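> I would like the atomic coordinates for the input below:
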Amino acid sequence: MTNKKDINAGIIIIGNEILSGRTKDTNTSTLATWLNTLGIRVEEARVIPDKENIIIDTVNLFKKKFDYVFTSGGIGPTHDDITSESISKAFNITYGPHKEAYKILEKYYKTGEFNDGRQKMAWMPTEANLILNPTSGAPGFYVKNVFCLPGVPSILQSMLGGLKNKIVGGDPILSETISLRTVESEIAKSLLDVQNKFLDIEIGSYPFFKSGRVGVSIVIRSGDKDKIDKCCSEILKFVNYKKIEIIK
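Below is the predicted model of the structure:
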């Protein structure tokens, strides 16, 4: 059984429009932030095209590699929305009209509006469990540890609340940020020394440029608040020794 503190996830963003640059991906950030609050660490995210073999191969890899997998995109009504059928093939499950999803959509649309395109959104792995959609009606679905969500950011975000009782998280992943008026080369060795003292803490350094001056934000992440505090204290020791300005 998975240790509660070590639950992980992978994210698969599906869509040619992301790879072409026409659409900006914000779903990775939304999902990762939400999963962190549940104590689930995102260890990998990929952006892949609307190609059946690539979707199948990536899902098969991720579902074995991670405790949870979240896909975004490709479950809409158009010809290039092939995620649902690809997931069916990845799990070797029949692809067809999902009875419950069909009833939801049939009730959602007015008489005469439930056309062939909208009916396609009820086609998915027939044994899938549904993820209800409070925004636009069309449900997402999940099969075992793979959760399939739409690509529209506002709709995806609105569906996350309904997933909390369907996945088991760990300790919430906390973070602390120390922003400094310095450059990475000035703190690299000292920061490495701290990291070596706290091997189970994630420490990242991120340069920034603001108001014509450079700086570095050090981000400390862990599920243990005490360890974060101790790590911050060690960082502040060398910061004060080097007389580096801390940006409030």
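> Going along the chain, name the strands of this structure.
For the chain, the strands defined by DSSP state E cover 8-14, 41-48, 68-72, 95-97, 123-125, 129-131, 140-143, 146-149, 174-181, 202-210, 213-222, 245-247.
> Figure out which of those is closest to residue 104.
strand 129-131 (7.6 Å; Cβ to Cβ). C-betas here are computed from N, CA, C, even on glycine.
> now the end-to-end length of stretch 30-45.
With Cα to Cα, to the nearest Å applied, stretch 30-45 spans 12 Å between its terminal residues.
> And for stretch 130-144?
Using Cα to Cα, the two ends of stretch 130-144 sit 12 Å apart.
> Start the count at 3 instead of 1 going forward.
Happy to do that; since the first residue is 3 now, the last one works out to stretch 132-146.
> Now do it: everything it contacts.
Identification of contacts with stretch 132-146 by Cβ atoms under 8 Å, 6 or more residues apart in numbering yields 65, 77-78, 86, 89, 93, 95, 100, 102-103, 106-107, 110-111, 120, 123-124, 126-127, 129-131, 149-152, 154, 156-157, 160-161, 164-165, 168.
> ok, now with 6 Å
93, 102-103, 107, 110, 123, 126-127, 130-131, 150-151, 157, 160-161, 164 (Cβ atoms under 6 Å, 6 or more residues apart in numbering).
> Quick check: longest helix in the chain by residues?
helix 227-243 (DSSP state H).
> Who are the packing partners of that helix?
Judged by 3 or more Cβ pairs under 6 Å, 6 or more residues apart in numbering; DSSP states H and E, helix 227-243 is in contact with strand 176-183, helix 186-199, strand 215-224.
> Just the buried subset of the contacts of stretch 132-146, please.
Among the contacts of stretch 132-146, those buried by neighbour count (16 or more other Cβ atoms under 10 Å) are 93, 103, 107, 123, 126-127, 130, 150-151, 157, 160-161.
> which of those residues are the two that sit furthest away from each other?
Maximum distance among the buried ones among the contacts of stretch 132-146 (Cβ to Cβ): 25.9 Å, for 93 and 160.
> re earlier: can you say which of the strands of the chain is packed in most?
The highest average neighbour count among the strands of the chain, using mean count of other Cβ atoms under 10 Å, belongs to strand 70-74 at a mean of 28.
> could you say what helices and strands that strand packs with?
strand 10-16, strand 148-151.
> Can I get the first one in PDB, CA atoms only?
To tie it back to what came earlier, the one meant is strand 10-16. Extracted C-alpha coordinates of strand 10-16, given in PDB (Å, rounded to 0.1, in the frame of the first residue of the first chain):
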ATOM      1  CA  ASN A  10       2.200  11.000  -6.500                       C
ATOM      2  CA  ALA A  11       0.500  11.900  -9.700                       C
ATOM      3  CA  GLY A  12       1.300  12.500 -13.400                       C
ATOM      4  CA  ILE A  13      -0.500  15.000 -15.600                       C
ATOM      5  CA  ILE A  14      -1.100  14.500 -19.400                       C
ATOM      6  CA  ILE A  15      -2.200  17.600 -21.300                       C
ATOM      7  CA  ILE A  16      -3.700  16.500 -24.700                       C
END
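> picking up where we left off before, and the contacts of stretch 132-146, which is closest to residue 202?
residue 151 (31.0 Å).
> show me what contacts the closest one?
Applying Cβ under 6 Å, 6+ apart, the residues near residue 151 are 74, 142, 158.
> So what sits opposite the closest residue to the last one other than its chain neighbours in the bridge?
Spatial nearest neighbour of residue 158, excluding adjacent residues (Cβ to Cβ, 6 or more residues apart in numbering): residue 151 at 4.8 Å. In this structure, residue 151 has beta-bridge partners residue 74, where bridges are defined by DSSP bridges.
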